[in-house]
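# here is my input, please return the structure:
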Amino acid sequence: MHPTLEQHHLDHLGALQRAYGDALAANGFDGVLLYSGHPHRHFGDDQHASFATYGHFQHWVPLQGLAHSWLLVRPGQRPRLQLHAPEDFWHLGTTLPEEAWVETLAIERVTTDTPPRLPAGRFAVLGEVDDETARALGAELNPAALTQALDEGRVRKSAYEIACLREANRCAGLGHRAARDAFFDGGAELDIQLAYLGASRQRESDLPYQNIVGVNRHAAVLHYQHYDVVPAADHHGLLVDAGHRYRGYAADITRTWAGGDASDVFAGLIEGVTSLQRGLIDAMAPGVDYPDLHGRMHQALGTLLGELGLTRCSAAAAVDQGITRAFCPHGLGHLLGLQVHDVGGRTSAEGAPLPPPAEHPALRLTRPLEAGMVVTMEPGCYVIPMLLNPLRQSPAGQDVDWCVVDALAPHGGVRIEDNVLVTEQGAENLTPVI
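Below you'll find the predicted structure:
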């Protein structure tokens, strides 16, 4: 590990120790036991599903995929890690890196997944733990107030976390460039996915989420989950929403490219959404309300639809009539960190729930921006028949040029997504130029 990153990590752990001490004291606990989690078997099978280590555990222990392990945190004491390391000739055993953070923990290697005994006092246990195990430990299971306090501690990122997110973005950028080149070389969706994995140096089970690789109409399926193995006959466009993990921290980047068969309107849509996104990033700063930015996105999208000839009404009318929501039904972005949709996005710093606006139920970030947050900024515009067909039949449909929309449909849609750090001065885009 780079010496600067190593020092940032030690500073991060020191700050975590203090923050946990404050949260435990405020909630009347003597300590908290964090469970890493474990993979689950498919029903009726002996194969396990992909597994992600519990976020609060990984906030301390930067080992992706570590299962059946426990971390006991108590104020003023060295955290104790019970590391699951069974003797097993079927699998490679768990090893610890030669890094300074290892020395900050009291580590005991065990061969069973039995949780450690807790000392006398009031303790909480957090993670995917059943009621019976919590009762046997004599601990309170996932208490809401303490969980919320620890969630809040992950909202603003440390220098170590920002460095990890920056590296995750760098690696994901390599994958996106390779995916773009595979598309222009005539590859099928599977070829594009394999090119992404190879260039970003990761296997599918290590991804922070399943990559979305949508050619043509598939780009309009927001969470498109397949990879065609045969190249498309026409190359209208490609949308790739793909990430990377570095020491547990996730990149979440989307790019859209016009193919050789793309229309001028589609090329203009990519350019327009990109420009729209850059303007929203420029507007980011501490104190800016993220739902307001979401509203600004819809206003700008209304203008863009008019400029490209998709609508005949004003931007305000396109928003008021729900036209822009039919073309972009998802939220503008979300918090990013150890989870792709990181914790704390819909809760205030004081713990009050902040539900999304009724007209924008998919918005995952509903609080004002603060320095230290890392958020995604991902406006989009899509031709989704399920949403546009009702609009076509409504009075508002008279303000839409359906001939232009129908000509755009084979292209699917556009999304441009970057990962942005909120700073004291404004915002810093962590995503490389792709």
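# name the SS class of the closest residue in space to Glu307 that isn't next to it in sequence, please.
Ranked by Cβ to Cβ, 6 or more residues apart in numbering and with sequence neighbours excluded, the top spatial neighbour of Glu307 is Gly272, at 7.0 Å. Any C-beta I mention is one placed from the backbone N, CA and C, and that applies to glycine too. On the three-state scheme (DSSP: H, G, I helix; E, B strand; the rest coil), Gly272 is labelled helix.
# per-residue pLDDT of Gly272, please?
With respect to pLDDT, Gly272 scores 98.
# now the helices for the chain?
Ranges of helices in the chain, per DSSP state H, are 3-26, 55-60, 131-137, 144-152, 159-184, 189-200, 264-282, 290-307, 315-320, 323-327, 385-393, 402-408.
# which parts of the fifth one are buried?
Using 16 or more other Cβ atoms under 10 Å as the burial criterion, the residues of helix 159-184 that qualify are 159-180, 182-183.
# confidence score at Thr104?
97.
# look up how far Leu5 lies from it.
According to Cβ to Cβ, to the nearest Å, Thr104 and Leu5 sit 15 Å apart.
# kindly report the same for Asp289.
In terms of Cβ to Cβ, Asp289 sits 33 Å off from Leu5.
# please apply the same query to Pro115.
From Pro115 to Leu5 the distance is 31 Å (Cβ to Cβ).
# could you do Pro353 as well?
The value you get for Pro353 to Leu5, if Cβ to Cβ is used, is 36 Å.
# who's more crowded, the two?
Legend: neighbour count by other Cβ atoms under 10 Å for Pro353 and Leu5, higher for Leu5 (17 against 9).
# give the contact list for that one.
Tyr160, Ala163, Cys164 (Cβ atoms under 8 Å, 6 or more residues apart in numbering).
# could you do Arg41 as well?
Gln47, His48, Ala49.
# contact partners for the closest residue to Arg180 other than its chain neighbours?
Nearest residue to Arg180, sequence neighbours excluded (Cβ to Cβ, 6+ apart): Trp257, at 5.5 Å. Contacts here follow Cβ under 8 Å, 6+ apart; on that basis Trp257 touches Arg180, Phe183, Phe184, Gly237, Leu238, Ile270.
# among those, which one sits closest to His42?
Nearest to His42 among the contacts of Trp257: Leu238, at 31.9 Å, using Cβ to Cβ.
# for Ala409, see how far away the closest one is.
Leu238 is 16 Å from Ala409, by Cβ to Cβ.
# what's the answer for Pro75, then?
Distance from Pro75 to Ala409, by Cβ to Cβ: 59 Å.
# same deal with Ala396?
Counting by Cβ to Cβ - Ala396 and Ala409 are separated by 19 Å.
# equivalent analysis for Pro385, please.
Taking Cβ to Cβ, one finds Pro385 at 8 Å from Ala409.
# any idea how many residues pack against Ala120?
Neighbour tally, Ala120, other Cβ under 10 Å: 7.
# just the pLDDT for it.
In this model, Ala120 carries a pLDDT of 96.
# kindly report the same for the one 3 residues further on.
Per-residue confidence (pLDDT) for Phe123: 98.
# check His91 too.
Model confidence at His91 (pLDDT) stands at 89.
# likewise for Val129?
On the pLDDT scale, Val129 gets 98.
# go ahead and confirm it touches Gly37.
No. Using Cβ atoms under 8 Å as the test, Val129 is too far from Gly37 to be in contact (9.1 Å).
# distance of Ala219 from Glu189?
Counting by Cβ to Cβ, the gap from Ala219 to Glu189 is 11 Å.
# anything in contact with each of the two?
By Cβ under 8 Å, 6+ apart, no residue touches both Ala219 and Glu189.
# and the closest residue to Thr311 other than its chain neighbours, what's its pLDDT?
Leaving aside its chain neighbours, Thr311 sits nearest to Leu305 (4.4 Å; criterion: Cβ to Cβ, 6+ apart). We note a pLDDT of 98 for Leu305 in this prediction.
# try Ala159
pLDDT for Ala159: 98.
# quickly note the distance from it to Pro410.
From Ala159 over to Pro410 (counting by Cβ to Cβ), the distance is 46 Å.
# quick check: phi and psi at the residue in the chain sticking out farthest from the centre.
Distance from the centre of the chain peaks at Ala120, with 38.5 Å (Cα atoms, centre = their mean). With angles defined as degrees, to the nearest 10, Ala120 sits at phi -60, psi 140.
# re the thing from before, what about Leu238 and Ala409, which has more around it?
Comparing Leu238 with Ala409 by other Cβ under 10 Å, the one with more neighbours is Leu238, at 28 against 18.
# would you confirm that the more buried one contacts Ile212?
No. Judged on Cβ under 8 Å, Leu238 makes no contact with Ile212 at a distance of 10.6 Å.
# ranges for the strands of the stretch 1-150 of the chain?
Secondary structure of the stretch 1-150 of the chain, counting by DSSP state E, counting those that start in this stretch: strands at 31-35, 70-73, 80-84, 106-110, 123-126, 139-141.
# okay, the ones you listed in JSON lines with distance to His226 and mean neighbour count next?
As requested, the strands of the stretch 1-150 of the chain are arranged in JSON lines below (distance: least, Cβ to Cβ, whole Å; neighbours: other Cβ atoms under 10 Å):
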{"stretch": "strand 31-35", "distance to His226": "34", "mean neighbour count": "24"}
{"stretch": "strand 70-73", "distance to His226": "38", "mean neighbour count": "25"}
{"stretch": "strand 80-84", "distance to His226": "35", "mean neighbour count": "21"}
{"stretch": "strand 106-110", "distance to His226": "41", "mean neighbour count": "14"}
{"stretch": "strand 123-126", "distance to His226": "36", "mean neighbour count": "23"}
{"stretch": "strand 139-141", "distance to His226": "38", "mean neighbour count": "18"}
